[in-house]
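Q: Any chance you could fold what I've pasted below:
(2 chains)
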Amino acid sequence: MEQVMQVANSFPIWVFASLIVFVVIFQAIIFIRLATKTSATVGMTSKEVKVAIRTGAISSLGPSLAIIFVAISLITLIGDPVTLIRIGIIGSAAIETVGASIGSQAAGADLGSSNYTAQAFTAAVWVMCLGGMGWLLFTAIFTKSLGKIQGKAVAKSKNVSILNSIAFAAMIGAFSYLGGSEMVKGYIETIVLIIGFICMPIILNLSNKYKLNWLKEWSLGLVILVGVVVGYILS
Amino acid sequence: MSTNNEARNLNESKSSEGNQPSIDFEIFQEKSHFWGRLTIWSVIILTLMVPLYLSFVLGFHPGWAVIISGFLAYASIIMFVWVVEPISYYPILGVSGTYLAFLTGNIGNMCLPCASMAQSVVGAEPGTKKGEITSTLAIATASLVNITILIFTILGGSYLISLLPESVIESFRFVLPAIFGGAIAQFAIKKPSWGVVGIAFGLFVNLGPVPRPLQTFLCILGTIVVCMLLDKLKKDNKAE
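A: Now for the predicted structure:
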């Protein structure tokens, strides 16, 4: 176990981790610049650009903190830099834990157990990296084709409104699925979800009524705060 | 129609931004493909280097049989998700959003809520050009925030978190249900009947006998199909 952590936290692994983090940051900056340049031609004011960025920043604070709390559990099993790699790119902390334990088990050791050797760690890293690559490969290869299919559909203006409706329904479907998967975890999760469901319209109504745009930007953060506090009290 | 649009785009780009050169939406998408692919391929290569380094430079190779059997077991769990998630989320994320969200991860719990929140604050509809630019800005910023917090945590925060009482750390698992409840409500206010359809499907795929890997896809597809049918029924009724 100690040998594993020495290898896992060694300098070359940190170098790979830094390079990957660099690419993620680089990509985000490139896309912010591209989108800002394009904003005027799609009828966005520079004020709206700032609002979009600010809302993204504020709304991601809660989820990011939550992600990190889950990620902490991985650090003790696969070390700092590999955790940085696996959590910094596609794949949630939960699914990466599954991948790491399957990989390690294939090498005949449970994650973090006394017979968890450098070989078992290497197997875990292989399985996590190959597993996470599925999304990346599909996105890199097929996003262009998805765009072409959409491009053809957009050519007719009647289709545009249908596509908008589809996007709207897809959003409802996605969140309902994710919400449902939380509800089946237990009754406190269900109550917290219902609290969030009630809080959000109240906050949005208040901000509309009193013209408080900043309140809208903070709405998701506030909903999370209320939900966590209620969950804390109930558990 | 399209020439009109182009002319308007040109006019707008000349008038509104002054000295900063602006680009139109088609060029934006082309550039998104270029930079999106370049960054994702770089990460694919870099992530492969890590296990290759462990196996063949440090000599801890566990054997291909071990790697393949582990990978197959893992793949059988998540294989469908690789294909289904990019397709299902594409109408919401658009080209640029797809490249961003699938590199940084945390799509359902971070990227989507941030994108839809920004769209509602700015007043842009999902699926429109303005909607895509708005969500791109929001997701890219979210990605930056996420990676920054992650770096700080890993470099020293793990110590700070160990100082927090267990019960506080435990209650962080309620972040997700709170987000999802809020996000469902945000859409359900606009179209309550669609909200009901979505929630019904959400509960059905989670509680019913639906295999785990198909759940996301079935729920999103089912919601879209039923909502479109509802819409059609409404229009037919009006027409008569």
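
Q: got the contact list for residue 221?
A: Looking at chain A here, since you left the chain open. A:58-59, A:61-62 (C-beta atoms under 8 Å, 6 or more residues apart in numbering or on different chains). Backbone N, C-alpha and C define where each C-beta goes, glycine included.

Q: could you do chain B instead?
A: A:173, B:88.

Q: Same check on residue A:5?
A: Residue A:5 touches residue A:79, counting by C-beta under 8 Å, 6+ apart.

Q: what helix or strand is it on?
A: Using DSSP states H and E, residue A:5 falls within helix A:2-8.

Q: Can you give the distance from that helix to the centre of its chain?
A: The chain centroid and the centroid of helix A:2-8 are separated by 28 Å, computed with C-alpha atoms, centre = their mean, to the nearest Å.

Q: Then stretch B:53-73?
A: 31 Å.

Q: Which residues does that stretch contact?
A: The contact list for stretch B:53-73, computed with C-beta under 8 Å, 6+ apart, reads A:7, A:12-13, A:16, A:102-103, A:105-107, A:117-127, A:130-131.

Q: Counting neighbours, what do you get for residue B:52?
A: Number of residues near residue B:52 (other C-beta atoms under 10 Å in any protein chain shown) recorded here: 15.

Q: typed the wrong thing, it's residue A:180
A: So residue A:180, with other C-beta under 10 Å, has 24 neighbours.

Q: Spatially, which residue comes closest to it, not counting chain neighbours?
A: residue B:202 (3.3 Å; C-beta to C-beta, 6 or more residues apart in numbering or on different chains).

Q: hmm, back to that, mark which of the contacts of stretch B:53-73 are buried, thanks.
A: Among the contacts of stretch B:53-73, the ones that count as buried by 16 or more other C-beta atoms under 10 Å in any protein chain shown are A:7, A:13, A:16, A:102-103, A:105-107, A:117-127, A:130-131.

Q: Could you pull out the buried residues of stretch B:209-225?
A: Neighbour counts over stretch B:209-225 (16+ other C-beta under 10 Å) mark B:213, B:215-224 as buried.

Q: Looking at the residues you listed, which are in helices?
A: Among the buried residues of stretch B:209-225, the members found in helices (DSSP state H) are B:213, B:215-224.

Q: other SSEs contacting the helix or strand containing residue A:148?
A: According to DSSP H and E, residue A:148 maps onto helix A:118-154. The helices and strands touching helix A:118-154, judged by 3 or more C-beta pairs under 8 Å, 6 or more residues apart in numbering or on different chains; DSSP states H and E, are helix A:2-8, helix A:46-78, helix A:80-88, helix A:93-106, helix A:157-183, helix B:25-52, helix B:64-104.

Q: Mind putting those helices into a markdown table with mean pLDDT and distance to residue B:110?
A: Shown next, in a markdown table, are the helices and strands packed on helix A:118-154 (pLDDT from 0 to 100; distance: least, C-beta to C-beta, whole Å):
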| stretch | mean pLDDT | distance to residue B:110 |
| --- | --- | --- |
| helix A:2-8 | 76 | 26 |
| helix A:46-78 | 80 | 4 |
| helix A:80-88 | 85 | 12 |
| helix A:93-106 | 74 | 12 |
| helix A:157-183 | 78 | 12 |
| helix B:25-52 | 90 | 18 |
| helix B:64-104 | 81 | 8 |
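
Q: what about those, which gets the closest to residue B:127?
A: Comparing these by their distance to residue B:127 (C-beta to C-beta), the top pick is helix A:157-183, with 3.5 Å.

Q: and the helix or strand that that closest one is followed by, which residues are buried?
A: As assigned by DSSP H and E, the chain's next helix or strand after helix A:157-183 is helix A:187-209. Across helix A:187-209, burial judged by 16+ other C-beta under 10 Å covers A:188-197, A:199-200, A:203-204, A:207.

Q: could you measure residue A:126 against residue B:33, distance?
A: Counting by C-beta to C-beta, to the nearest Å, the gap from residue A:126 to residue B:33 is 30 Å.

Q: sec struct for residue A:115, please.
A: Following DSSP: H, G, I helix; E, B strand; the rest coil, the label given to residue A:115 is coil.

Q: Once you drop chain neighbours, what's closest to residue B:132?
A: residue B:94 (3.9 Å).

Q: next one: residue B:142
A: residue A:60 (3.5 Å).

Q: And for residue A:184?
A: residue B:206 (4.9 Å).

Q: what sits against the one you found?
A: By C-beta under 8 Å, 6+ apart, the neighbours of residue B:206 are A:177, A:180-181, A:183-184, B:215.

Q: Taking those together, which two end up most distant?
A: Farthest pair in the contacts of residue B:206, by C-beta to C-beta: A:183 and B:215, 13.3 Å.

Q: wait, what's in contact with residue B:205?
A: A:177, A:180, B:214-215, B:218-219, B:222.

Q: tell me the angle the helix or strand it falls within makes with helix A:187-209.
A: Per DSSP H and E: residue B:205 is located in helix B:192-207. Here helix B:192-207 runs at an angle of 160 degrees relative to helix A:187-209 (axes from the mean of the first three to the mean of the last three C-alpha atoms, to 10 degrees).

Q: Okay, buried residues for helix B:192-207 please.
A: B:194-195, B:197-206.

Q: now do stretch A:39-49
A: By 16+ other C-beta under 10 Å, the buried positions in stretch A:39-49 come out as A:39-44, A:48-49.

Q: Now intersect those residues with the helices, please.
A: If you go by DSSP H, the buried residues of stretch A:39-49 have A:39, A:48-49 in helices.

Q: count of residues packed around the nearest residue to residue B:153 once chain neighbours are set aside?
A: Nearest non-adjacent residue to residue B:153, counting by C-beta to C-beta, 6+ apart: residue A:68, 4.7 Å away. For residue A:68, the neighbour count with other C-beta under 10 Å is 21.

Q: Same question for residue A:144.
A: 15.

Q: which ones are touching the closest residue to it other than its chain neighbours?
A: Leaving aside its chain neighbours, residue A:144 sits nearest to residue B:33 (5.6 Å; criterion: C-beta to C-beta, 6+ apart). Neighbouring residues of residue B:33 by C-beta under 8 Å, 6+ apart: A:143-144, A:147, B:95, B:99.

Q: just to revisit the earlier point, list the contacts for the residue nearest to residue B:142?
A: Each residue near residue A:60 by C-beta under 8 Å, 6+ apart is listed here: B:110, B:114, B:141-142, B:145-146.
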